[in-house]
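Trainee: Sequence and predicted structure below; questions after.
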Amino acid sequence: MKNLLSLLLLIFTTQTIMAQQIQVTGEVLDADGNPLPGVNIIVEGSTNGVMSDFDGKYAIDVNTNDKLVFSYIGMANQTITVEDQTVINVTMTASHDELDEVTVVAFGKQKKGSLVSAITTIRPEELRIPSSNLTTTLAGRLAGLISYQQSGAPGDDNSRFFIRGVTTFGSGVPDPLILIDNVELTSQDLANLNPDDIASFSILKDATATALYGAKAANGIVLITTKEGRESKLRINVRQEQSISSPTRKFEMADPVTFMELHNEAVATRTPLAHRPYSLEKIDKTREGVNPYAYPAVDWLDLMTKDVASNSRTSINLSGGGKIASYYIAGTITNDNGILNVPKSNGFDNNINLKKYGVRSNINVNLTNTTLAKIKVSAQFDNYRGPIPTGNDVYNSSLNANPVLFPATYEPDLAFSSASHILFGNVGNDSPQYYNPYADLHRGYRDTRSSTVIAILELTQKLDFITKGLDLRMLINSSTKSNFSIWRSYNPLYYELNLYNKQTNEYTLREINPATGRQTLDLEGTATDATNLVYMEGALNYNRTFNEKHALGGVLVYTMREQLSGSATDFQSSLPFRNLGLAGRFTYGYNNKYNLNLSFGYNGSERFSSKNRYGFFPSAGLSWTVSREDFWKNSKINDIITKFRLRASYGIVGNDRIGDESERFFYLSDVNLNAGSYGRFGNNFGESSQTTRINRYGNEDITWEKAYKTDIGIELGLFNDLDVRLDLYHQKRTNILMSRSDIPTTMGLTYTPKSNIGEAASKGFDLSADYNFIGNDRFWATLRANLTYAKSKFLKYEEPSYPNAPWLSRVGQPIGQQLGYVAERLFIDDLEVRNSPTQMFSGLPVQGGDIKYVDLNNDGVINFYDQTFIGHPTTPELIYGFGASLGYKDFDISFFFQGSGRSSFWIDYNSMSPFKQESIGEEGAIGNTALSQFIANDHWSEDNRNLYATWPRLAASQDLLNSNNAQSNTWFLRNGSFLRLKSFEVGYTIPKKLIPWKSRVYFSGINLLTFSNFKLWDVEMGGNALNYPIQKVVNLGLVINL
């Protein structure tokens, strides 16, 4: 009995200890780190619960073995075991059951469960990477978006991006429409946008999503809204980042000695008896480094660039408000520097420096219980300073200079010892004969100031007194952009060796251009530009649910747009650009299962004649949420497939962004009544008179380019944790504007007429998957992946008839694919050349080691008719991305890989060929192209008769360089596929016991690793090898939420 009592006492004591009651306190935050009031916190399996207060804080008495469940509408529930924790802070994330979430759509918002449109959204925090250019973050992150970057120069590093690929050609614009807070803006405005200011980011892809924007929506829409304030006390968020950037891959040049040896070889291999450019003495002395001025050896690229650059970004935002008014105010400062190496002796710093200042104020005011006013003002100011040539030009110029002809600069000799200027090297008599890129880089600087000011006033009036769910919204926007540039420069003073004593190693200098050289800066030129856009919008919205089953919705929108340019150069461009539009949408949903969407856009464009000025663009879509059917809910499959939706849509979307400004009014003839030409009749007495010249005949039949879009979508939710979305689409583009190729020259036109004669088709799919897991012990994980495949082809194309060479027709070929010759290999020797099909371009001879082309039509002659379409398009047909974010307690880590496939590019034979001489720059100085290391490593020669060498037989003659090997061909065709570690970040949230406010420190990077078979330069740059390289960035950041 005594033992039994002891056992019961032990059990009771153990249970008491295990169930010891404690008080748990904490704070609940949203994904942006802001306090979240109204969150329910209950003990699992009981009625014991509390709610977070105005500051997101809570306190609850629990037992140590209890589990706390945190729940909030639209957020995923979180369950945490208490154990011995007395402080539990929770960050709520969006619910994975997205059907009740609200998505921003054209001119309104809709629940995801009622959408019939193909819309991809991304959480703004996924766009936060250490880059001051938002467009560089997009590739691989949104299903349906094709994006690539081909330069890393600050201010010139925007990525190109297309929704579902390039679907038009000719003179049409393939870029999507960009809307920020319902205002049409440019890709540069998007590039300047701070991800911290973004509330929602979506791309609209199909007809039902874009039809309301009619005139400019054929290429899809990027739709962004910025953050607004909400009812809460003042919140201050500060972010500071400091980063270091460097090229992802550095282009390698051959050393100067190799340059001379192979230059001699290039001359000898084509013309054996010709004089060699460089003597053995010069080669040996250069190798020995006897005197850098007498025997110069310049690595221009290394001289003109640095390894790294430092950059910084600072942003702050304030938000809060009460029942009447709320506010969101933000400011951003970025400072980006280039990797150009500039001398202090110049007296000014012309390395690239781009400072950006952005401010934003979004204020909401409840004027009455039924009237809401939104006042949004944003401004962007960019200050750019850099060399007069662009960053891309600087890199190009480093390959357009002889490394052994003269040094970049000289040290002053005795005669010029008092010179205060830089003594640039060159060769010549009264003017420099050759191009010195170092002098061109440092001869001056360019200052550019750009500003954008956008003001939006939006009023929403509820009209429930007429009928519940009805409201009227009016918006007016004014956007003003201006920029000006000033070039200040001096004319460099060039010098060359006058006398050189080989015994004493002493030298004297001679000034080449004393009459034209100048030491002081002077104004070289200016440029100004300004535009103003006024946009007005009025919308009548209706949303109401009857009997909890029938959801009716509708919107009717009228828009007006006028843009005026202050830098017009002629009467036509001085006229305002105007568009009008009427659009509508009707939606019906039954029992949260079946949804119907009918939309239209009716738009007017000044570009077309009165009979084609207005276009009507309708669309329709259906969706069925199968998983909300009773038969699905009651089946076992519901335990696996927790969400199953089907969507389908079809519609027509228009595009008036065709042609250029000079073709603005297609229906009007362009006639110059005061042309400067004259005619001669009979004897020429030297008389002339003003004549009439017809530049263009008006064409009243030119009309809208149209896109016929079909989309089928499937949405699956698996185990309540995994979301999969697949969209299959087809698009036919008609009325594509093209130049006519069959107009006889006897018409005497200086302009080739254009007509809506082209057609194209595209198809593909968008696939995305997201997995969210929230576990106990404050562990969470998010996995995401997406894949976009977009293929387009020509259906109709204005081209000559090819009855005997049908493979030359573009019809049926992918848009962006290049025509070229199929290279078999390199010729073995001159004997094989003589015994092969005739292969001569520009009448110049072909030799052993040159490229041998396939005679496709077997006529014994290699000519135009032996070309075919080679490789893939230059724009990728395949873009994908995958990544993960993981967190445990106060630590988090995330990474994202981006990949690209089915694209081709070409090594540009003409621009990469060494030893050529050509005119460069305004003064016509001669450049002697440098030698790339990959050519030196692997080229055909008499000693290396490799028929598959990377580079064919060398040449030094300009004519030979532009002949056989310079044709577009498969020999220089390269695969543009790659996989890149686009971003990586590891962070630590500092506990509040150490700092009284929420703070997080993190280390991040972008473009850290690239996997590709192509190793010569960054493969994403394609054929732009000589551009300013894409940058790899490592970054240290700190975020403080007060």
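Mentor: Arrived safely. Residues are numbered from 1 along each chain as shown.
Trainee: And the residue nearest to F484 when sequence neighbours are not counted, its phi and psi?
Mentor: Of all residues not flanking F484 in the chain, T528 sits nearest, at 4.4 Å (Cβ to Cβ, 6 or more residues apart in numbering). Using the backbone N, CA and C atoms, a C-beta is placed for each residue, glycine as well. Main-chain torsions, T528, degrees, to the nearest 10: phi -130, psi 150.
Trainee: The stretch 201-350 of the chain: helices as residue ranges?
Mentor: 207-210, 256-270, 280-288, 300-304 (DSSP state H, counting those that start in this stretch).
Trainee: hmm, I was thinking of the chain
Mentor: Per DSSP state H, the chain carries helices over the ranges 2-18, 187-192, 207-210, 256-270, 280-288, 300-304, 391-397, 437-442, 571-574, 630-633, 830-834, 909-912, 933-937, 958-961.
Trainee: How about the contacts made by the residue nearest to F484?
Mentor: Contact partners of T528, counting by Cβ atoms under 8 Å, 6 or more residues apart in numbering, are 482-485, 567.
Trainee: Turn the residues you listed into TSV, columns for pLDDT and neighbour count.
Mentor: Below are these laid out as TSV (pLDDT from 0 to 100; neighbours: other Cβ atoms under 10 Å):
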residue	pLDDT	neighbour count
S482	94	16
N483	92	17
F484	92	14
S485	93	15
S567	77	13
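Trainee: Could you check how far the residue nearest to F484 is from S567?
Mentor: 6 Å (Cβ to Cβ, to the nearest Å).
Trainee: and what of D61?
Mentor: 70 Å.
Trainee: With A215 instead?
Mentor: Taking Cβ to Cβ as the measure, A215 falls 24 Å from S567.
Trainee: Repeat that for S968.
Mentor: 37 Å.
Trainee: surely P256 meets G289?
Mentor: No - using Cβ atoms under 8 Å, P256 is not in contact with G289; the gap is 10.2 Å.
Trainee: quick one: common contacting residues for the two?
Mentor: A297.
Trainee: higher neighbour count, the two?
Mentor: The neighbour comparison of P256 against G289 (other Cβ atoms under 10 Å) goes to P256, with 23 against 9.
Trainee: Now do the same for the nearest residue to the more buried one once chain neighbours are set aside: its pLDDT.
Mentor: Of all residues not flanking P256 in the chain, A297 sits nearest, at 3.8 Å (Cβ to Cβ, 6+ apart). Per-residue confidence (pLDDT) for A297: 95.
Trainee: Just give me the neighbour total for A297.
Mentor: Using other Cβ under 10 Å, A297 has 17 neighbouring residues.
Trainee: what phi and what psi does the backbone show at it?
Mentor: Dihedral pair for A297: phi -150, psi 90, per degrees, to the nearest 10.
Trainee: Show the contacting residues for it.
Mentor: By Cβ under 8 Å, 6+ apart, the residues touching A297 are 255-257, 286, 289, 403-404.
Trainee: any weak-confidence spans in the protein?
Mentor: Along the chain, the model assigns pLDDT under 70 to residues 1-19, 32, 73-74, 94-101, 171-172, 674-691, 742-751, 776-777, 918-927, 958-962.
Trainee: measure P437 to N491 for me?
Mentor: 16 Å.
Trainee: Comparing these two, which residue is more hemmed in?
Mentor: P437 (27 against 17).
Trainee: isn't the more buried one right up against L301?
Mentor: No - taking Cβ under 8 Å as the definition, P437 is not a contact partner of L301, at 9.2 Å.
Trainee: So for stretch 116-132, what gets flagged as buried?
Mentor: The neighbour-count check on stretch 116-132 (16 or more other Cβ atoms under 10 Å) flags 116-124, 126-132 as buried.
Trainee: Distance from stretch 343-356 to the middle of the chain?
Mentor: Between the centre of stretch 343-356 and the centre of its chain there are 27 Å (Cα atoms, centre = their mean, to the nearest Å).
Trainee: what's in contact with that stretch?
Mentor: With Cβ under 8 Å, 6+ apart as the criterion, stretch 343-356 contacts 132, 153-155, 192, 332-338, 340-342, 380-387, 391, 422, 441-442, 444-446, 521.
Trainee: Among those residues, name the buried ones.
Mentor: 132, 153-155, 192, 332, 334-338, 340, 342, 380, 382, 384-387, 391, 422, 441-442, 444-446, 521.
Trainee: Tell me which entries of the residues you listed lie within strands.
Mentor: 332, 334-337, 380, 382, 384-386, 444-446 (DSSP state E).
Trainee: okay, these in TSV with distance to T874 next?
Mentor: As requested, those are exported to TSV (distance: Cβ to Cβ, whole Å):
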residue	distance to T874
T332	34
T334	31
N335	34
D336	28
N337	31
Q380	31
D382	30
Y384	29
R385	33
G386	28
G444	35
Y445	34
R446	30
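Trainee: For the closest residue to N720 other than its chain neighbours, give me its contacts.
Mentor: Distances taken as Cβ to Cβ, 6+ apart put T642 closest to N720, at 4.9 Å, once the chain neighbours are dropped. The neighbours of T642, taking Cβ under 8 Å, 6+ apart as the test, are 97, 627, 717-720.
Trainee: distance of T642 from D866?
Mentor: 59 Å.
Trainee: ok so, going back, any chance of the helices of the chain in TSV with distance to N77 as columns?
Mentor: Shown next, in TSV, are those (distance: least, Cβ to Cβ, whole Å):
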stretch	distance to N77
helix 2-18	25
helix 187-192	35
helix 207-210	31
helix 256-270	67
helix 280-288	73
helix 300-304	57
helix 391-397	51
helix 437-442	60
helix 571-574	59
helix 630-633	20
helix 830-834	75
helix 909-912	59
helix 933-937	57
helix 958-961	69
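Trainee: Of those helices, which stretch is the most buried?
Mentor: helix 207-210 (a mean of 32; mean count of other Cβ atoms under 10 Å).
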